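Q: Provided below for reference: sequence and predicted model.
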Amino acid sequence: MMTTPRYGAALQWAEELHRAQRRKGKPVPYISHLISVSALVWEDGGNEDQAIAALLHDAIEDAGQSHASIAERFGVAVADIVRDCTDTSPEAKPGEKEPWLLRKTRYLDSLASKPLSSLLVTAADKAHNAGDMVLDERRDPAMWSKFNAGLDGSAWYLLRMHQALVDRLPSSRSVERLGEAVNDILNSGAYQALIPQGITETEWAEAYPQRHDHKAGDHHR
């Protein structure tokens with residue numbers, strides 16, 4: 001498969017959209033993540049529309065773009081995939097996000113009905129993020145504090161994400177990478193220290209929403 005000038009145009013636009021952004025807690029240009037996700041899509045058998053959508057997968061959520069603005073440049077197929085990779089509500093005001101657990105739970109619940117063309121890009125995104133987390137944690141155990149849900153919530157989300165994706169894309173390289181990263185996170189010393197005796201890593205991770213709701217209830221008493 002050969003690329004066309006569309007791919008170069010998408011890369012240039014992605015760089016322009018995210019030029020001022022960095023990876024969370026690191027002095028690394030955000031474009032590095034977008035390029036990595038696009039590469040994983042190519043390696044997983046994706047086509048050019050999917051690889052372009054990978055470059056633009058955060059354009060709606062983090063760069064102020066819309067389905068219409070993406071479709072105008074790269075077509076409806078690309079815009080649909082980018083929309084499917086976005087967990088913010090269409091009703092949310094620009095720059096505003098709903099509570100983390102609400103957004104993530106809703107997005108996880110939506111995966112069963114999303115097309116495989118979109119899930120391939122989602123899998124690449126989550127695989128790269130999770131692998132990056134594993135490598136960062138080995139160098140800085142305190143790195144989880146920079147994430148909204150910390151280690152506990154991140155482990156739940158990535159485990160649930162892998163469980164959902166492996167059913168839809170059982171032969172995906174990105175899903176396999178994600179599963180390996182989730183296993184590393186659940187078996188890390190930091191995560192093991194959170195788990196009460198007699199409970200497995202998976203059981204503890206899956207119960208995160210219940211723990212979160214309990215803490216929220218205590219907070220409002």
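A: All right, it came through fine.
Q: only C-alpha atoms for contact and neighbour calcs from this point on.
A: Noted.
Q: need the longest helix for the chain.
A: Criterion DSSP state H: the longest helix present in the chain is helix 116-139.
Q: mind giving me the domain split of this structure?
A: Following automatic domain parsing, one finds the domains of the chain at 1-86, 92-221.
Q: what about the last one, distance to the chain center?
A: Looking back up the chat, that one is domain 92-221. Averaging C-alpha positions (C-alpha atoms, centre = their mean, to the nearest Å) puts domain 92-221 9 Å from its chain's average.
Q: which residue is the nearest non-sequential neighbour of the most centrally placed residue in the chain?
A: Closest residue to the average C-alpha location of the chain: Lys126 at 3.9 Å, with C-alpha atoms, centre = their mean. Excluding its sequence neighbours, the residue lying closest to Lys126 (C-alpha to C-alpha, 6 or more residues apart in numbering) is Leu178, at 6.7 Å.
Q: tell me the pLDDT of that neighbour.
A: At Leu178, the model reports a pLDDT of 99.
Q: and it, how many neighbours?
A: By other C-alpha atoms under 10 Å, the residues close to Leu178 number 27.
Q: and Val175, by the same measure?
A: The local packing of Val175 (other C-alpha under 10 Å) involves 28 other residues.
Q: Ile35: how many residues sit nearby?
A: 19.
Q: I'd say it and Leu56 touch.
A: No: Ile35 is not in contact with Leu56 according to C-alpha atoms under 8 Å; the separation is 9.7 Å.
Q: roughly how far apart are the residue nearest to the centre of the chain and Leu102?
A: According to C-alpha to C-alpha, to the nearest Å, Lys126 stands 18 Å off from Leu102.
Q: most neighbours per residue, which of the domains of the chain?
A: domain 1-86 (a mean of 18; mean count of other C-alpha atoms under 10 Å).
Q: next, the distance between the ends of that one.
A: For domain 1-86, the separation between the terminal residues is 27 Å (C-alpha to C-alpha).
Q: and what of stretch 18-33?
A: In stretch 18-33, first residue to last residue: 11 Å (C-alpha to C-alpha).
Q: now stretch 189-209
A: End-to-end distance for stretch 189-209, by C-alpha to C-alpha: 22 Å.
Q: who's in contact with Gly46?
A: Neighbouring residues of Gly46 by C-alpha atoms under 8 Å, 6 or more residues apart in numbering: Ser117, Leu120.
Q: where does it land in three-state SS?
A: Counting by DSSP: H, G, I helix; E, B strand; the rest coil, the backbone at Gly46 sits in coil.
Q: distance of Arg138 from Leu102?
A: 29 Å.
Q: what do you get for Thr86?
A: Distance from Thr86 to Leu102, by C-alpha to C-alpha: 14 Å.
Q: restrict the helix or strand harbouring Arg73 to CA atoms and write it as PDB.
A: In the assignment (DSSP states H and E), Arg73 maps to helix 67-74. Only the C-alpha atoms of helix 67-74 are listed here, as PDB (Å, rounded to 0.1, in the frame of the first residue of the first chain):
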ATOM      1  CA  HIS A  67     -16.900  16.600  12.400                       C
ATOM      2  CA  ALA A  68     -17.700  19.000   9.700                       C
ATOM      3  CA  SER A  69     -14.300  20.700   9.600                       C
ATOM      4  CA  ILE A  70     -12.500  17.400   9.400                       C
ATOM      5  CA  ALA A  71     -14.900  16.000   6.700                       C
ATOM      6  CA  GLU A  72     -14.400  19.100   4.600                       C
ATOM      7  CA  ARG A  73     -10.600  18.400   4.500                       C
ATOM      8  CA  PHE A  74     -10.400  14.600   4.500                       C
END
